[in-house]
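Enquirer: Take a look and give me a structure for this.
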Amino acid sequence: MIDIRLIRENKELVKENIKKKFQDHKLPLVDEVYDLDIQFREAKQEADQLRAEKNKKSAEIGLLMRDGKKDEAEKIKNEVAKTNDRIAVLEEKEVNLEAEIKKRMMVIPNIMDKTVPIGKDDSENVENEKFGEPVVPDYEIPYHADIIDQFKGLDKESAGRTSGNGFYYLQGDIARLHSAMLSYARDYMIDNGFTYCIPPFMIRSDVVTGVMSFEEMDAMMYKIEGEDLYLIGTSEHSMIGKFKDQIVKEQELPITMTSYSPCFRKEVGSHGIEERGLYRVHQFEKQEMIVICKPEESMDWYNKMWRLTVDFFRSLDVPVRTLECCSGDLADLKVKSCDVEAWSPRQKKYFEVGSCSTLGDAQARRLGIRTKDENGTYYVHTLNNTVLATPRGLIAVVENNLNEDGTLNIPKALQPYMGGKTKIELAK
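Expert: I've put the predicted structure just below:
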């Protein structure tokens, strides 16, 4: 949610930002907020003036009663009663106007960074930089589900019976490799100075709407029937929600945390070959990082965070690239975002394994997360980034470490988490 002063002082900037996101249907909201805000401030100003007059008259009543001038006191009491009635009307008007303003403000997109490329959708995202040499070996790299099946590591048929499409059982050395990656991701982030946390896996609706747009919520979140609770789609949701309605001590900034959680997503529209594999699933596990910092520090942290993910995957012998999200692909709360994509030697192209975003003070405004300096309170900035989301990360490791004989090399960084194993052999 943007600062309403932007609409008061520079409506055209807000409108231009909406146009760059190709959301022209939201343009009328800006003028609506502008007009409603005028009405709100007029009502508040009148109510404040009437309260001051009421206080003055109430003091007069006391003096008149003391002097025995009851008739004059009664006359002023009647005036105060009418004033109270008018104040009540104005207060109700303020509440209604404030609700209408917030309803529209929650839909108006955040102001993007000037460096965000303009484009209609993800097909116009821009490659930033490649890390590592993308290799296509002389031998065939099978589909990842078939590779894993050779190690008896995947059972989607049983998962279909227990849970339906989009779920899976991982087994044996593949399940161990999956867990090893998560353990390594945890320790990797701790070694980089982040505090480890395991958050709640369900959150209330006011936290959900604080961290994401309504459209994202409807497309992603599973609601718990009969309760005001949602399963998290990423631990960023509960990690940022941890600071809801708090004034964080400025000397504690930046707050840098890394969190583990299972994640649950509807993945509306998933179909085709990906249903057979592990690329697009309803349940996965994730190591996340979040940063809460001063506004002037957020862009530095943004660049540090995506680089951490790049270095993580390079330590697993996976070539990656970063892809700048264009305006039309940028979620409404985000200021700037990039995807980290891993090389797929089977597909001979990159695929997304993580996403890094700075949201400015949008989440902080929605959730009331502030800090305080000598000039008063102000909203912090929030950032989030994927360290590892797996089994998608598992796919990248499996494809890039497969040998011609069908065995799988275990990256050196993961070997301590695999009991010293250096290779996974084919199942007998």
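Enquirer: Flag every buried residue along the helix ranked longest in the chain.
Expert: If you go by DSSP state H, the chain has its longest helix at helix 27-66. Burial within helix 27-66, assessed by neighbour count using 16 or more other Cβ atoms under 10 Å, is assigned to 29-30, 32-33, 36-37, 40, 43-44, 46-47, 50, 54, 60-61, 64. Glycine gets a C-beta too; all of them are placed from N, C-alpha and C.
Enquirer: For V136, state which of those residues is nearest.
Expert: Closest to V136 out of those is L29 (48.5 Å), distances taken as Cβ to Cβ.
Enquirer: If we ignore the residues flanking it in sequence, what's nearest that closest one?
Expert: R104 (4.6 Å; Cβ to Cβ, 6 or more residues apart in numbering).
Enquirer: you'd agree that neighbour is up against Y34?
Expert: No: using Cβ atoms under 8 Å, R104 is not in contact with Y34, being 10.1 Å away.
Enquirer: before we move on, back to that, count the residues that sit near the residue nearest to L29.
Expert: 17 (other Cβ atoms under 10 Å).
Enquirer: Check which residues of whichever strand or helix holds it are buried.
Expert: Per DSSP states H and E: R104 is located in helix 70-105. By 16+ other Cβ under 10 Å, the buried positions in helix 70-105 come out as 73, 76-77, 80, 83, 87, 90, 93-94, 97, 100-101, 104-105.
Enquirer: Ok, stretch 295-303 next?
Expert: 297-299, 301-302.
Enquirer: will you turn those residues into JSON lines that also has pLDDT?
Expert: Converted to JSON lines, the buried residues of stretch 295-303 look like this (pLDDT from 0 to 100):
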{"residue": "E297", "pLDDT": "97"}
{"residue": "S298", "pLDDT": "97"}
{"residue": "M299", "pLDDT": "97"}
{"residue": "W301", "pLDDT": "98"}
{"residue": "Y302", "pLDDT": "98"}
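Enquirer: Mind checking which of the residues you listed land in helices?
Expert: Among those, the members found in helices (DSSP H) are 298-299, 301-302.
Enquirer: Please save the CA atoms from the strand or helix carrying R161 in CSV.
Expert: Per DSSP H and E: R161 is located in helix 156-162. What follows is helix 156-162 as a C-alpha-only set of coordinates in CSV (Å, rounded to 0.1, in the frame of the first residue of the first chain):
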residue,chain,number,x,y,z
LYS,A,156,3.3,-40.3,-7.3
GLU,A,157,0.8,-43.1,-7.8
SER,A,158,0.4,-43.7,-4.1
ALA,A,159,0.3,-40.0,-3.4
GLY,A,160,-2.6,-39.8,-6.0
ARG,A,161,-4.5,-42.3,-3.9
THR,A,162,-3.9,-40.5,-0.6
